[in-house]
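[1] got a predicted model here, sequence first, then my questions.
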Amino acid sequence: GNSVTQMEGPVTLSEEAFLTINCTYTATGYPSLFWYVQYPGEGLQLLLKATKADDKGSNKGFEATYRKETTSFHLEKGSVQVSDSAVYFCALESLPIQGAQKLVFGQGTRLTINP
Amino acid sequence: GAGVSQTPSNKVTEKGKYVELRCDPISGHTALYWYRQSLGQGPEFLIYFQGTGAADDSGLPNDRFFAVRPEGSVSTLKIQRTERGDSAVYLCASSLTGRGVRTDTQYFGPGTRLTVL
């Protein structure tokens, strides 16, 4: 079945450091891939997405590229801020002919940025 | 505009009791999803509605769990004879169509934290 494996956390970085959170997936077909973020005390928010191979999703300085050959969708940011502290979830969405367009999530990576 | 709302935000109950959790999706969204997020884990799919009908309930853990969406808008997740293992955050999401459209995005509510004592 479909699954997502994320880099285990927690991850602690200093402000302005470079961030990478690894994500790999197993899926049949060609799923859409997502990064969701959960800020403290808030609900899940879509950060970025990519719907086909070699697509790059980007938002708020974060980027992730859909790599079919390595089945990966790693999240990167060149210079993190304290406000980026949150839990990040990688997810895939299958596009079945029938049934739910359900999301399958990784376990989440807690990111803390120190000033 | 208004996002997905869920009530209550917190629910504490005793083992064996019945609970109802409510989700109010974004207006006009035909697809509605329920997920469950256990501590330290990612959300797990429970059930999907397309309009009023439960199109996929394959994620419901057992027959104590049931959900309805009688008018194609608000949905209620019902849990009978609650057990301590049911303690989790229950998330609701909605999307415009849910019908295999690559541009469709699921928008999540803030969740209901259920604690079973």
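    Cool, the structure landed.
[2] from the centroid of chain B, which residue is nearest?
    Central residue of chain B (C-alpha atoms, centre = their mean): residue B:34, 2.9 Å from the mean position.
[3] bridging residues for that residue?
    residue B:47, residue B:92 (DSSP bridges).
[4] show me the contacts for it.
    B:23, B:45-48, B:67, B:75, B:77, B:90-92 (C-beta atoms under 8 Å, 6 or more residues apart in numbering or on different chains). The way it works is simple: take the backbone N, C-alpha and C, and place the C-beta from them, glycine included.
[5] what distance do you get for it to residue B:92?
    6 Å (C-beta to C-beta, to the nearest Å).
[6] please enumerate the shared neighbours of the two.
    Joint contacts of residue B:34 and residue B:92 (C-beta under 8 Å, 6+ apart) are B:23, B:75, B:77.
[7] if we take these, which one ends up nearest to chain A?
    Within the shared contacts of residue B:34 and residue B:92, the smallest distance to chain A is 11.9 Å, found for residue B:23 (C-beta to the nearest C-beta).
[8] what about the closest one, neighbour count?
    27 (other C-beta atoms under 10 Å in any protein chain shown).
[9] wouldn't it be in contact with residue B:3 here?
    No - if you go by C-beta atoms under 8 Å, residue B:23 and residue B:3 don't touch, sitting 11.4 Å apart.
[10] so what sits against both of the two?
    In contact with both residue B:23 and residue B:3: residue B:109, using C-beta under 8 Å, 6+ apart.
[11] can I get the contacts of residue B:34 in TSV with pLDDT?
    What follows is the contacts of residue B:34, written out as TSV (pLDDT from 0 to 100):
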residue	pLDDT
B:23	98
B:45	93
B:46	95
B:47	93
B:48	91
B:67	96
B:75	97
B:77	98
B:90	98
B:91	97
B:92	97
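[12] out of those residues, the closest to chain A would be?
    Nearest to chain A, judged by C-beta to the nearest C-beta, of the contacts of residue B:34 is residue B:48 at 3.4 Å.
[13] the closest one reaches residue A:102, doesn't it?
    Yes - with contact defined as C-beta under 8 Å, residue B:48 reaches residue A:102; the gap is 6.3 Å.
[14] what residues do the two have in common as contacts?
    B:33, B:56.
[15] which residues of chain A lie near chain B?
    By C-beta under 8 Å from any C-beta of the partner chain, the part of chain A that sits against chain B consists of A:4, A:32, A:36, A:42-46, A:49, A:51-52, A:89, A:91, A:93, A:95-97, A:99-108.
[16] just the ones in strands from those residues, please.
    Using DSSP state E, the subset of these located in strands is A:4, A:32, A:36, A:44-46, A:49, A:89, A:91, A:93, A:103-105.
[17] buried ones among those residues?
    Neighbour counting with 16 or more other C-beta atoms under 10 Å in any protein chain shown marks A:4, A:32, A:36, A:44, A:46, A:49, A:89, A:91, A:93, A:103-105 as buried within those.
[18] in the least confident helix or strand in chain B by mean pLDDT, what counts as buried?
    Within chain B, no helix or strand scores below strand B:53-56, which has a mean of 85 by mean pLDDT, DSSP states H and E. Burial within strand B:53-56, assessed by neighbour count using 16+ other C-beta under 10 Å, is assigned to B:54-56.
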